[in-house]
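# A structural model of the following input is requested.
(chains A and B)
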Amino acid sequence: MIAYIIRRLAGAVPLLLFISVVTYAMMALAPGGPAAILGPRGALSPAVMARINALYGLDKPWFVQYFYWLKQLVLHGSLGASYVDQRPVVEKVLERLPVTIEMVGLALLLTLLIAIPIGIYAGAHRGSLFDNATSAVGFAFYGMPVFWLSIVLIDLFAVQLRWFPSSGLSSLGREDDPFDRLWHLVLPVVAIALVSFVSWMRYQRSSIIEAMSSAYIRTARSKGLTERDVLVRHALRNALLPIITLLGLSLPTLVGGAYFVEYVFSIPGVGYLTFTSIFARDYPTLMAITMLTAVLIVLGNLLADVAYAIADPRIRYG
Amino acid sequence: MRQFRRFLRERSALAGGLFIALILLAALLGPLIDPTQPDVISHPLLGLPQPPSFAHWFGTDLLGRDEFVRTLYGARVSLLVGAAAMALSFTIGVLYGAIAGFAGGFVDSLMMRFVDAMLSFPTFFLLLIISALTNHFSLSIIIVIIGLTAWPGLARLVRAEVLSLRDRDFVEAARALGASPARLVTRHLIPNALAPVVVAAAFAIGDNILAESSLSFFGLGVQPPQASWGNMLQDALTPQAEAAPWMVLVPGLAIVATVLAFSLIADGIRVALDTSIGQQGAAETLEVEPPPSVMPSAARSA
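Below is the predicted model of the structure:
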């Protein structure tokens, strides 16, 4: 198992290098660099632009720039400083990270709380009214752009009913109050959970249906167990396994998966930072976010496989 | 044919299909239904959106443009982008996956490594960066950007299918008869590997529509004054629009209904193509294949 993990991690290095090269090249080759957006077109004289470009090394070919970026990373473990405020980008990303993890983590928890019981019940009663109705409702939410759902929720619960705040993370003067923070997170968390629960629910449903049609279930039934016992004591344990994989695969969303919600609700997380960095052409920050997300995708995939192997002794990796 | 009849028996899928047909018809016949042009300012009260009325079925926006007409023109954009981007990613994904699966060995693992790398990009992030960095927002650029980021998942699906078909007897027989590799791939492997991909492709149209509307919402997609459901919603976010809930509801519900319709169609196709139906038990196992939408896909990206 250890050897397997090491091999997988070693295999990830070229992958991460590839991703960094492509992202860097894409940004560097795009028209309009960081200097060009400092003012309206023509506001900066070409001489000033050239000096700004020279200051940030942007006058060099992109692969030379990339090489410097990589050297900094390998030799000093540094991802550079932001073009916007000259702060180390690692610091900028890390200070935003807890907010995003908290919000998406809560959303994931809520999603599972909705999706798993519904999925189990729908799978056990396949074709029933409940099964069809929950799928229909789920697909309807799936079709909602999450920014739109956020706007509707704000309009309804913040503007009309005034139950929840419409944006931000805390009320003035109550910055350290955890309940106030939670109260601010209700609408964004609900928005994320509503648009994503159907995927989990359908997955759980399929996995229950698969489990219920397998041989050991036939054995349990022929033993004379009640349908309830068959479901709860035999089918459920196996049917929950695939969810582990899905959980591992959704690890990256904990970091990068909430651009829209953070944008609409003005929540200062990584997603919001992504937006501001894109519009400011803040390449170092964008590189840091890309790499962080890519690392998490690799780790999430690995974690999913390992956790699955631990939970299910039938699976072995050579 | 049998599959088509089975599809028709799925009532929800049929409803989805009829809805799309209706939207498509309305989008194409737009000017015949309501001859108003989408950027005509129909009354002089700038800055005061008009509520729905007989003259303006869905009301008007901040500039007094008719929301109904703009929704129809927005449907053209959404359906075109959704279908064209899907066609692009479908073509790339099917060919790429079939070649990788057929070639096997070193070529296969190299090709699939590339797919892994593509999938390791946070896709919507990629979409956002590309669209923010290019300064052209023509429809074809948007289609290409969305299409080029959406194919790796399809490629993986086709490859898995082709791998399982590659050593089957009918392929062996074709090979023995002297079929060239190109013929084997295009005539024998791809047609038999298509079923799960078609389902994924139907879901993909919905995802592409969501992606386009998200990009346009953030000003990185279809540019005003051209109407798209996404940039209509952008207008609805301005403070002056607060008293005009129809500006939020009309384009939003258009997106929801269209994406839902494509999901229902996809689900119906999945049931209809399940060729093992009727054989005891087999249907159950196919059901297990998770809907392609199962992965928290990029366009969703909470």
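# Could you find the closest non-adjacent residue to residue 87?
No chain in the question, so chain A it is. Leaving aside its sequence neighbours, residue A:87 sits nearest to residue A:81 (Cβ to Cβ, 6 or more residues apart in numbering or on different chains; 6.3 Å). The way it works is simple: take the backbone N, C-alpha and C, and place the C-beta from them, glycine included.
# Chain B is the one I meant
Nearest non-adjacent residue to residue B:87 (Cβ to Cβ, 6+ apart): residue B:147, at 7.6 Å.
# With residue A:125 as the reference, measure out to the residue most central in space within chain A.
Taking Cα atoms, centre = their mean, the centroid of chain A lies closest to residue A:253, which sits 0.9 Å from it. According to Cβ to Cβ, to the nearest Å, residue A:253 and residue A:125 sit 30 Å apart.
# how much space between residue A:98 and chain B?
Look at residue A:98 and chain B: by Cβ to the nearest Cβ, to the nearest Å, they are 17 Å apart.
# Could you give the number of residues near that residue?
Neighbour count of residue A:98, defined by other Cβ atoms under 10 Å in any protein chain shown: 11.
# for chain B, what spans make up the helices?
B:2-9, B:11-33, B:67-103, B:105-120, B:123-133, B:139-165, B:169-176, B:181-183, B:190-217, B:229-236, B:245-273, B:282-287 (DSSP state H).
# Give me the helices and strands touching the fourth one, please.
When contacts are defined as 3 or more Cβ pairs under 8 Å, 6 or more residues apart in numbering or on different chains; DSSP states H and E, helix B:105-120 packs onto helix A:2-29, helix A:283-311, helix B:67-103, helix B:139-165.
# Those helices: which one's closest to residue A:120?
Across these, residue A:120 has its closest neighbour in helix A:283-311 (17.4 Å, Cβ to Cβ).
# So for that closest one, what gets flagged as buried?
A:283-306, A:309 (16 or more other Cβ atoms under 10 Å in any protein chain shown).
# Could you name the helices and strands sitting against it?
With contacts defined as 3+ Cβ pairs under 8 Å, 6+ apart, helix A:283-311 has these neighbours: helix A:2-29, helix A:89-124, helix A:241-249, helix A:253-256, helix A:270-279, helix B:105-120, helix B:123-133.
# Give me the angle between that helix and helix A:2-29.
Relative orientation of helix A:283-311 and helix A:2-29, computed by axes from the mean of the first three to the mean of the last three Cα atoms, to 10 degrees: 160 degrees.
# between helix A:283-311 and helix A:241-249, how many degrees?
Angle, helix A:283-311 to helix A:241-249, by the same axes, to 10 degrees: 160 degrees.
# Let me know the average pLDDT across helix A:283-311.
The predicted model assigns helix A:283-311 a mean pLDDT of 84.
# Please report phi then psi for whichever residue of the stretch 51-200 of chain A sits closest to chain B.
Closest contact between the stretch 51-200 of chain A and chain B, by Cβ to the nearest Cβ, is at residue A:143 (3.3 Å). Reported as degrees, to the nearest 10, the phi and psi values for residue A:143 are phi -80, psi -10.
# Based on its surroundings, how many neighbours for it?
23.
# And for the nearest residue to it once chain neighbours are set aside, the neighbour number?
Computed as Cβ to Cβ, 6+ apart, the closest residue to residue A:143 that is not its neighbour in sequence is residue B:259, at 3.3 Å. Residue B:259 is flanked by 27 other residues according to other Cβ under 10 Å.
# Please apply the same query to residue A:22.
Neighbours around residue A:22, by other Cβ under 10 Å: 15.
# Quickly note the distance from it to residue B:149.
From residue A:22 over to residue B:149 the distance is 12 Å, taken as Cβ to Cβ.
# Would you agree the residue nearest to residue A:87 is in contact with residue A:92?
No - using Cβ atoms under 8 Å, residue A:81 is not in contact with residue A:92, being 9.2 Å away.
# what about the residue most central in space within chain B, distance to residue A:300?
Nearest to the mean C-alpha position of chain B, by Cα atoms, centre = their mean, lies residue B:205 at 1.1 Å. Distance of residue B:205 to residue A:300, given as Cβ to Cβ: 27 Å.
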